[in-house]
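# attaching a predicted model along with its sequence, questions to come.
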Amino acid sequence: MLLSNYQQMIVSVCYNTQKRSLKMSSTSVTLEDPLLQIGPKQELPKTVNEAFSNVALSGEEIKVSVLSDMSLDGSYKDAWFLGTDKRLLVFNGNNKRGAELVHEIPISDIKEVKIKNYIGNGLLEIITEEKAVEFLRFSRTALYGNSIIEIPQAIDKLREQNGHIIEKKSEGGHGKQGHRCEKCGGIIPFWTDSCPHCLDKRSLLFRLFRYLKPYWYMVIVSFVLSLIGIGLDLATTYMTKPLTDSVFAPTDPALEADTARRIYLLNVFVIALIAIHVTATALGTLRTYAMSWLGNKVILDLRTSAYEYLQRLSLSFYDKKETGRLMSRITYDTGNLQHFIVNGIQDFSIDVLMLLGMSIVLFVTNWELAALTLIPIPLLIVGTIIFGKKMHLAYHRVWRRMSSISAVLTDTIPGVRVVKTFVAEHREIDRFSKINKEFFNSSMITAKLSTLYFPIMGFATFAGGIIIRWVGGREVITGDTSLGALMLFMGYMWRFYGHVNGLTRLNQTLQMAASAAERVFEILDAQPEIDDKKNAIDLPPIKGDIKFENVVFTYDGDKRALDGISFEAKAGQMIGLSGPSGAGKTTLINLLSRFYESTEGKITIDGYDIRDVKVRSLRDQISIVLQEPFLFHGSIADNIAYSKQDATKSEIIAAAKAANAHEFIMNFPDGYDTMVGERGVGLSGGEKQRISIARAILKNPRILILDEATSSVDTETESLIQSAIERLIEGRTTFAIAHRLSTLKRADKLLILEKGKIAEQGSHNELLENNGLYKRLVDMQSELSKIKAI
């Protein structure tokens with residue numbers, strides 16, 4: 001009966017909690033069970049709420065609400081998608097007349113849902129028995145930022161709740177992101193590559209434990225110290241019985257009358273307790289230090305492994321991940337894992353061992369009372385399982401909000417000049433405040449779950465203690481047991497419950513660790529798209545003959561960024577690449593450097609297929625000068641020597657002189673030891689570019705790639721850079737992306753790209769005579785030059 005009442009209490013509290021909201025400024029915190037939530041549910045503006053109320057059916061409840069940023073005609077206007085238990089609706093955004101209903105489709109009419117990808121926007125398409133309906137349009141930003149990608153899965157859940165059997169899952173993917181799990185068919189959220197529904201948390205944590213293997217000796221030391229500490233703890237509690245029955249309330253009449261003997265025993269017990277406490281404290285300190293050392297060593301290895309693996313991953317991995325989110329995994333998540341190893345494992349081992357030890361003592365002391373002690377345990381187990389499932393998803397939300405905060409900081413801090421230039425400080429503050437508030441709201445959900453769970457679990461153990469007091473007290477009164485025996489039993493019982501509660505609280509740490517381990521191991525499990533074959537060979541020193549044979553490449557598996565590219569470049573030739581923006585110029589050189597793998601066709605260097613050679617041996621013979629040179633925080637000498645770590649000072653200076661950089665470097669008070677800020681802050685664009693060229697010269701590559709190396713500098717600086725480039729390209733096969741005639745005129749061959757294809761190829765003069773795309777680009781540049789001159 002007692003257990004039944006507790007269970008009813010928990011069910012009632014949890015049910016009522018699902019419906020409550022905590023208003024904080026303009027944001028509501030919905031305390032809804034994460035496992036029962038249908039889909040994303042964003043706070044509606046007042047006008048949309050009123051418009052829905054006017055058309056709502058009897059008993060109709062909003063289950064999903066998502067904001068889009070486009071109307072169906074492609075114009076940028078707010079539109080709200082609402083999913084209820086009966087139908088789907090779209091309202092236009094807030095305007096002077098209020099929100100208006102644009103579309104509605106009954107849930108029963110829906111057969112399938114698709115997200116379609118178009119250039120610059122996407123479309124949510126609802127397929128019924130009769131037709132396909134264009135239901136909601138959105139930008140790519142809204143697709144992920146507003147969780148539109150989760151709508152198809154939410155609609156499937158609504159259909160299932162209405163009794164429909166979902167034979168064909170709706171498509172929520174967009175390119176490779178938001179794909180479905182092959183095992184369960186559920187949508188894999190865009191922030192992860194693993195299915196949260198199929199995730200085995202135990203296997204994740206066991207995998208984490210494998211990182212303890214190299215330090216097994218420290219694990220054994222900690223375990224032995226724990227055993228000794230547990231023995232001392234049990235001994236301290238056990239002394240309660242003789243202290244009570246021999247000193248405070250002697251059961252032997254002769255001893256009760258012998259005051260001197262009782263005082264002597266009291267002194268012995270006190271000295272023994274002090275000695276046990278001092279010893280236990282010293283051993284506990286050693287154990288804590290050992291576990292801290294162990295946790296730090298494991299996280300050192302794990303963090304290093306994750307960073308090493310990040311360096312191995314292809315650019316396509318970084319294309320799909322925000323920098324801030326990756327940083328959060330290496331710092332925030334590994335920190336949570338460290339907390340679990342240092343505290344969680346230690347607490348778990350102590351709790352389990354203490355429970356085993358005290359269970360034996362309790363049953364030996366009084367098996368009837370011991371059996372009553374176990375009454376709250378089933379409730380604790382059930383509550384822990386329910387709480388664990390809710391907390392795992394809740395911690396995922398907290399992590400996503402924390403990652404979003406990191407992503408905003410990663411964007412705005414390096415771009416602070418742009419922010420200040422456009423007087424966007426308040427806009428960025430508002431953006432950060434919004435995300436920070438979302439983090440607060442997510443954290444409050446976990447706090448609410450915790451504040452509901454722990455008091456209920458604590459009351460269960462308190463009730464168990466009340467039962468023992470009542471039953472045990474009757475036994476003392478009737479003389480069936482001594483006061484000391486009851487005091488001993490009560491002492492062990494409270495310690496038993498304390499460690500039971502410790503295990504229930506440990507579940508929270510366990511869920512945090514499982515979520516963190518999932519995200520860290522996701523990096524370690526990611527497969528590099530560009531990797532060496534088993535039989536890959538080292539590319540020998542090359543001459544530089546390059547051949548593209550019908551090369552095709554697509555980023556998303558659909559639209560071709562390059563389509564049927566074929567050409568040859570002889571060793572020592574300079575190949576100029578030009579064409580409109582988005583024509584595929586940068587993609588072409590990325591394929592040559594094997595940052596991406598061609599979808600079709602073949603690229604060879606000196607007859608070697610670049611897929612058959614080791615990536616490192618290929619890139620060792622290629623150097624790139626980017627349009628926006630990237631400099632690391634460090635000295636100028638360190639940045640130049642980045643391409644050759646064992647370079648001597650004289651080699652660094654020679655490279656700087658060849659790049660026309662030596663003179664301005666020596667004008668700095670510290671010369672080559674001058675520290676440049678992050679990303680080269682403190683240097684002009686031309687100075688950074690010349691340091692970048694010096695870095696390329698020092699590497700002495702056989703293939704050189706120039707990506708708009710002179711596009712953003714003044715005429716005088718361009719002249720210095722051009723003369724440096726002339727020295728750099730001598731005797732090397734060079735690919736130069738450029739629009740300026742000063743660069744293109746020097747090319748042995750020009751490739752003019754348009755829409756991923758080679759529209760024209762030939763020399764500068766030949767292409768001018770053809771009067772085609774290149775001629776039009778040249779004429780446009782000439783007109784722009786005249787305007788600038790005026």
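Yes, it's here.

# contacts and neighbour counts: CA atoms only from here.
Noted.

# quick one: low-confidence parts of the stretch 501-650 of the chain?
505, 507-508 (pLDDT under 70).

# quick check: phi and psi at Glu568.
When read as degrees, to the nearest 10, the backbone of Glu568 gives phi -130, psi 150.

# roughly how far does it sit from Glu769?
Remark: distance between Glu568 and Glu769 (Cα to Cα, to the nearest Å) = 22 Å.

# same question, Asp531
44 Å.

# look at those two and report which has more neighbours.
Asp531 (18 against 10; other Cα atoms under 10 Å).

# that one reaches Asp612, doesn't it?
No: counting by Cα atoms under 8 Å, Asp531 does not reach Asp612; the two are 10.2 Å apart.

# with just CA atoms, put stretch 611-626 into CSV.
Extracted C-alpha coordinates of stretch 611-626, given in CSV (Å, rounded to 0.1, in the frame of the first residue of the first chain):
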residue,chain,number,x,y,z
ARG,A,611,43.6,8.5,-55.3
ASP,A,612,46.3,5.9,-55.4
VAL,A,613,49.0,7.9,-53.6
LYS,A,614,49.3,8.8,-49.9
VAL,A,615,47.6,12.2,-49.2
ARG,A,616,50.6,13.5,-47.2
SER,A,617,53.0,12.8,-50.0
LEU,A,618,50.7,14.6,-52.4
ARG,A,619,50.2,17.7,-50.3
ASP,A,620,53.9,17.8,-49.5
GLN,A,621,54.5,18.9,-53.1
ILE,A,622,51.7,21.4,-53.3
SER,A,623,51.5,24.9,-51.8
ILE,A,624,48.6,27.3,-51.7
VAL,A,625,48.5,31.1,-51.4
LEU,A,626,45.0,32.0,-50.4
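
# what's the burial count for Trp494?
16.

# the closest residue to it other than its chain neighbours in helix, strand or coil?
Leaving aside its sequence neighbours, Trp494 sits nearest to Gly465 (Cα to Cα, 6 or more residues apart in numbering; 7.5 Å). Assigned by DSSP: H, G, I helix; E, B strand; the rest coil, the conformation of Gly465 is helix.

# show me the domain layout of the chain.
39-190, 203-525, 533-621+740-790 (automatic domain parsing).

# any chance of those in a markdown table, plus distance to Lys649?
Listed next are the domains of the chain as a markdown table, based on distance: least, Cα to Cα, whole Å:
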| stretch | distance to Lys649 |
| --- | --- |
| domain 39-190 | 47 |
| domain 203-525 | 28 |
| domain 533-621+740-790 | 21 |
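
# low-confidence stretches in the stretch 251-400 of the chain?
In the predicted model of the stretch 251-400 of the chain, residues 319-325, 388-389, 392-393, 396, 399 satisfy pLDDT under 70.

# what do you get for the stretch 651-790 of the chain?
In the stretch 651-790 of the chain, residues with pLDDT under 70: 677-682, 709-718, 739-743, 781-790.

# try 80 this time
677-682, 684-685, 708-730, 738-746, 777-790 (pLDDT under 80).

# can you give me the strands in it?
675-676, 703-707, 733-737, 749-754, 757-762 (DSSP state E, counting those that start in this stretch).

# and the second one, how far from the chain's centre?
Strand 703-707 sits 34 Å away from the centroid of its parent chain (Cα atoms, centre = their mean, to the nearest Å).

# just the CA trace of that strand, in CSV.
Output of strand 703-707 as CSV, limited to C-alpha atoms (Å, rounded to 0.1, in the frame of the first residue of the first chain):
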residue,chain,number,x,y,z
ILE,A,703,52.8,22.6,-57.8
LEU,A,704,51.6,26.1,-56.7
ILE,A,705,48.1,27.3,-56.3
LEU,A,706,47.3,31.0,-56.2
ASP,A,707,43.7,31.8,-55.1
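
# what comes up buried for that strand?
Ile703, Leu704, Ile705, Leu706, Asp707 (16 or more other Cα atoms under 10 Å).

# partners of it, with directions?
strand 622-625 (parallel), strand 733-737 (parallel) (DSSP bridges).

# got it, and the fourth one?
Pairing partners of strand 749-754, with direction, according to DSSP bridges: strand 574-578 (parallel), strand 757-762 (antiparallel).

# for Ser65, find the nearest of the strands of the stretch 651-790 of the chain.
Comparing the strands of the stretch 651-790 of the chain against Ser65 with Cα to Cα, the closest turns out to be strand 749-754 (41.7 Å).

# residues in contact with the closest one?
Under the contact criterion Cα atoms under 8 Å, 6 or more residues apart in numbering, strand 749-754 has outside partners 573-580, 583-585, 744, 758-764, 773-774.

# same question, stretch 237-249
250-252, 255-256, 262-263, 265-266, 269, 482-485, 487-488, 491-492.

# how long is that stretch end to end?
Terminal residues of stretch 237-249 are spaced 17 Å apart (Cα to Cα).

# stretch 241-252 now?
First residue to last in stretch 241-252 (Cα to Cα) measures 14 Å.

# over to stretch 608-624?
Start-to-end, stretch 608-624 (Cα to Cα) is 21 Å.

# centre of the chain to it, how far?
The answer for stretch 608-624 is 31 Å, by Cα atoms, centre = their mean.

# show me what counts as buried in it.
Buried-residue list, stretch 608-624, by 16+ other Cα under 10 Å: 608, 610-615, 618-624.

# name the pair among those residues with the greatest separation in space.
Going by Cα to Cα, the pair spanning the buried residues of stretch 608-624 furthest: Asp612 and Ile624, at 21.9 Å.

# quick revisit: give the buried subset of the contacts of stretch 237-249 as a ChimeraX selection command.
The ChimeraX command for the buried members of the contacts of stretch 237-249 (criterion: 16+ other Cα under 10 Å) is given here:
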select :250,255,256,262,265,266,269,482,483,484,485,487,488,491,492
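
# helices - which of the contacts of stretch 237-249 land there?
255-256, 262-263, 265-266, 269, 483-485, 487-488, 491-492 (DSSP state H).

# and Tyr264, how many neighbours does it have?
For Tyr264, using other Cα under 10 Å, the count is 12.

# look up how far Ser403 lies from it.
64 Å.

# do the same with Ile737
Ile737 is 36 Å from Ser403, by Cα to Cα.

# now Arg261
In terms of Cα to Cα, Arg261 sits 67 Å off from Ser403.

# and Tyr238, by the same measure?
Taking Cα to Cα, one finds Tyr238 at 50 Å from Ser403.

# and for Phe668?
On the measure of Cα to Cα, Phe668 and Ser403 end up 40 Å apart.

# fine, thanks again, bye for now.
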